[in-house]
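> what follows is a protein structure lacking sequence information:
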């Protein structure tokens, strides 16, 4: 039981490039979340999903896209990377909103 | 979702109890109080949550005031490994979104 797995752990992108941050969970959780955390700040919700085929925007969705074709996977797509997207990205999942959420170890992204 | 107010930082002596306050004066009846912590740059870790009653688990105790406008997370015997940022979060179970504020940076000193 691996929990929430994020790949890659580190990535450097050039301005204008695109990439997909992968997130997979093996706990059969319905709810999945993407957060970003800028240095010294708290986490901000980018997108979330309440089940396969259903996604919704969080606080800071601009510049990102998500999909949820399976229960296990919730990839985050960055199109046209910008320096403002330099951050640490965390994926999380939970079986229900009334119980604990499990977080991955994060992806540290630098856009130069 | 109700907003929360936490002190930005606090120190605690190793082996002593750490009491972390959280104000959530606009909380509504169906909103839960959750606590998470984030050690260094790791992903946040769930600690405890509650609705009205006080709660205790192997990590901590959560004391919620009768009017539910504030709560306190208690780490009974703080260790150096408890040094972390602690987040108090209030949200509706049906709201689907776990929203983090600034948190309290706790430093446990020997």
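Good, I have the coordinates. In this text the structure is predicted, and so the values were computed from the model without any measurement.
> hey, let's count contacts and neighbours off CA atoms from now on
Will do.
> near chain B at all, the helix or strand hosting residue A:90?
Taking DSSP states H and E as the definition, residue A:90 sits inside strand A:87-94. Yes. On the criterion C-alpha under 8 Å from any C-alpha of the partner chain, strand A:87-94 is in touch with chain B at residue A:90.
> spatially central residue for chain A, please.
residue A:34 (3.2 Å; C-alpha atoms, centre = their mean).
> thought that one was touching residue A:91?
Yes. Residue A:34 lies in contact with residue A:91 (C-alpha atoms under 8 Å); the separation is 4.6 Å.
> in the sheet, who's paired with the residue nearest to the centre of chain A?
residue A:47, residue A:91 (DSSP bridges).
> show me the shaky parts of chain A.
A:1, A:97-98 (pLDDT under 70).
> residues from it in reach of chain B?
Residues of chain A lying near chain B (C-alpha under 8 Å from any C-alpha): A:31, A:41-45, A:48, A:50, A:58, A:90, A:97-98, A:100-106.
> do that again at 7 Å, thanks
A:41-45, A:90, A:97-98, A:100-101, A:103-106 (C-alpha under 7 Å from any C-alpha of the partner chain).
> nearest to residue B:65, of the residues you listed?
Proximity to residue B:65 was ranked across the residues of chain A next to chain B by C-alpha to C-alpha; first place goes to residue A:98, at 20.1 Å.
> Provide a list of residues in contact with the residue nearest to the centre of chain A.
Contact analysis of residue A:34 by C-alpha atoms under 7 Å, 6 or more residues apart in numbering or on different chains lists A:45-48, A:90-92.
> repeat that for residue A:30.
Here residue A:30 is in contact with A:50-51, A:71, A:94-96 (criterion: C-alpha under 7 Å, 6+ apart).
> and if you look at residue B:32?
Contacts of residue B:32 by C-alpha under 7 Å, 6+ apart are B:49-51, B:90-93.
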